[in-house]
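[1] Prediction below, plus the sequence it came from.
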Number of protein chains: 2
Amino acid sequence: MTDESMAALAFRRARRDDLEAIVGLLANDPLGSTREDIGPAMNPRYGEAFAAIDRDPNQLLVVAESAGAVIGCLQLSFIPGLSRLGMWRGQIEGVRVAGDRRGEGVGRALFAWAIDACRRRGCGLVQLTTDKSRPDAHRFYEALGFRASHEGYKLPL
Amino acid sequence: MTDESMAALAFRRARRDDLEAIVGLLANDPLGSTREDIGPAMNPRYGEAFAAIDRDPNQLLVVAESAGAVIGCLQLSFIPGLSRLGMWRGQIEGVRVAGDRRGEGVGRALFAWAIDACRRRGCGLVQLTTDKSRPDAHRFYEALGFRASHEGYKLPL
């Protein structure tokens, strides 16, 4: 990433009018494309989900913005817990960078911002799970210092 | 588990006066024993963490009770998200059953209760991570229908 494009990159809390762009990012992905609905009208379930995230003080939906366009996103959840002396955890979910902006360091800068946000909230740990079919993501997280110490189990209801 | 001991088992939201028993359960574990503080006086950080969990409507700390004693626990987090059409997730953390009550089906009954609680809250998925050094836990979750589809990454801060 050049100094110029770095300077143009900003991270901030998502607003309701970013929602269409964020859903577009979620869908533009091998796994996401089968899971999301990007029909001509916004599925109202996304609006309800945005409202639930936005009113919860322990959720923070973040966008990366460049020249007025949303080019990346992730969701942070701050989770209180008793384990490890009552340690808070920061959890990261729904990470995406626009297809035409990959390889520029946007994801790395977005993660640096998110990890710092976890520190400011007093978290002792940042955690995330990533599908075993995403080897590029695994390399990315390992380069950031994350360790795959856990199995991530899911049960659809 | 006999019909008699099943009948005596109850699951409920944890109260402040369960805290000492819950911390005891968290510490009575190969990994937990190195992480928790069960000195003669309760470390005040546990009380602060309990208060943070208790006041958050998207957190539910659950205990299994038998004959007036806390013999198991887990924490449920209900997490709103945009992915998968705005699907809520139920996340399970801090699962313990008292050492002298293992093998009786307490964990299985506690999980059935927790999964049902996720369903009642409208979650589309239940998720958890478990340390790769816990093969018994892996067998337990797989028998319940969970699939280890994800890598669980952690970064200590």
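    Received it, and whenever you're ready, just let me know what you need.

[2] ok, now how distant is A:Phe11 from chain B?
    17 Å (Cβ to the nearest Cβ, to the nearest Å). To be clear about C-beta, it is placed using only N, CA and C from the backbone, and glycine gets the same treatment.

[3] Confirm that that residue sits in a strand.
    Yes. Residue state for A:Phe11 (DSSP: H, G, I helix; E, B strand; the rest coil) corresponds to a strand.

[4] OK, contacts around it?
    Contact partners of A:Phe11, counting by Cβ atoms under 8 Å, 6 or more residues apart in numbering or on different chains, are A:Val62, A:Val63, A:Ala64, A:Glu65, A:Ala109, A:Leu110, A:Trp113.

[5] ok, so what distance separates it from B:Ala137?
    36 Å (Cβ to Cβ, to the nearest Å).

[6] can you pull the buried residues of stretch A:86-103?
    Buried residues in stretch A:86-103, defined by neighbour count with 16 or more other Cβ atoms under 10 Å in any protein chain shown: A:86-98, A:101.

[7] filter the residues you listed down to the ones close to chain B.
    Among the buried residues of stretch A:86-103, the residues within reach of chain B (Cβ under 8 Å from any Cβ of the partner chain) are A:Gly86, A:Met87, A:Trp88, A:Gly90, A:Gln91, A:Glu93, A:Gly94.

[8] List the buried residues of the helix or strand hosting A:Thr129.
    A:Thr129 is part of strand A:123-131 when elements are defined by DSSP states H and E. For strand A:123-131, the neighbour count (16+ other Cβ under 10 Å) marks A:Cys123, A:Gly124, A:Leu125, A:Val126, A:Gln127, A:Leu128, A:Thr129, A:Thr130 as buried.

[9] Throw those residues into a markdown table and include distance to chain B, thanks.
    Shown next, in a markdown table, are the buried residues of strand A:123-131 (distance: Cβ to the nearest Cβ, whole Å):
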| residue | distance to chain B |
| --- | --- |
| A:Cys123 | 6 |
| A:Gly124 | 6 |
| A:Leu125 | 6 |
| A:Val126 | 4 |
| A:Gln127 | 5 |
| A:Leu128 | 5 |
| A:Thr129 | 4 |
| A:Thr130 | 6 |
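
[10] And the closest residue to A:Gly152 other than its chain neighbours, how close does it get to B:Ala8?
    For A:Gly152, ignoring the flanking residues on the chain, the nearest one in space by Cβ to Cβ, 6 or more residues apart in numbering or on different chains is B:His150 at 2.8 Å. Taking Cβ to Cβ as the measure, B:His150 falls 36 Å from B:Ala8.

[11] ditto for A:Ala14
    Distance from A:Ala14 to B:Ala8, by Cβ to Cβ: 48 Å.

[12] The two - which one has more neighbours?
    Shown here are A:Ala14 and B:Ala8; by other Cβ atoms under 10 Å in any protein chain shown, A:Ala14 has more neighbours (22 against 13).

[13] for the more buried one, what are its contacts?
    Here A:Ala14 is in contact with A:Ile22, A:Phe50, A:Asp54, A:Leu61, A:Val62, A:Val63, A:Cys73 (Cβ under 8 Å, 6+ apart).

[14] same thing but 10 Å
    A:21-22, A:50, A:53-54, A:60-63, A:65, A:70, A:73-75, B:82 (Cβ atoms under 10 Å, 6 or more residues apart in numbering or on different chains).

[15] Which ones among these lie within strands?
    A:Leu60, A:Leu61, A:Val62, A:Val63, A:Glu65, A:Val70, A:Cys73, A:Leu74, A:Gln75 (DSSP state E).

[16] The first one against A:Arg13, yeah?
    Yep, that's A:Leu60 we're talking about. Yes. In this structure A:Leu60 lies within contact range of A:Arg13 using Cβ atoms under 10 Å: 6.3 Å.

[17] Identify the contacts common to those two.
    A:Asp54, A:Leu76, A:Ala117.

[18] ok, the residues you listed vs A:Leu31, which is closest?
    The closest of the shared contacts of A:Leu60 and A:Arg13 to A:Leu31 turns out to be A:Leu76 (Cβ to Cβ; 20.4 Å).

[19] And for the closest one, nearest residue in space, chain neighbours not counted?
    A:Leu60 (4.3 Å).
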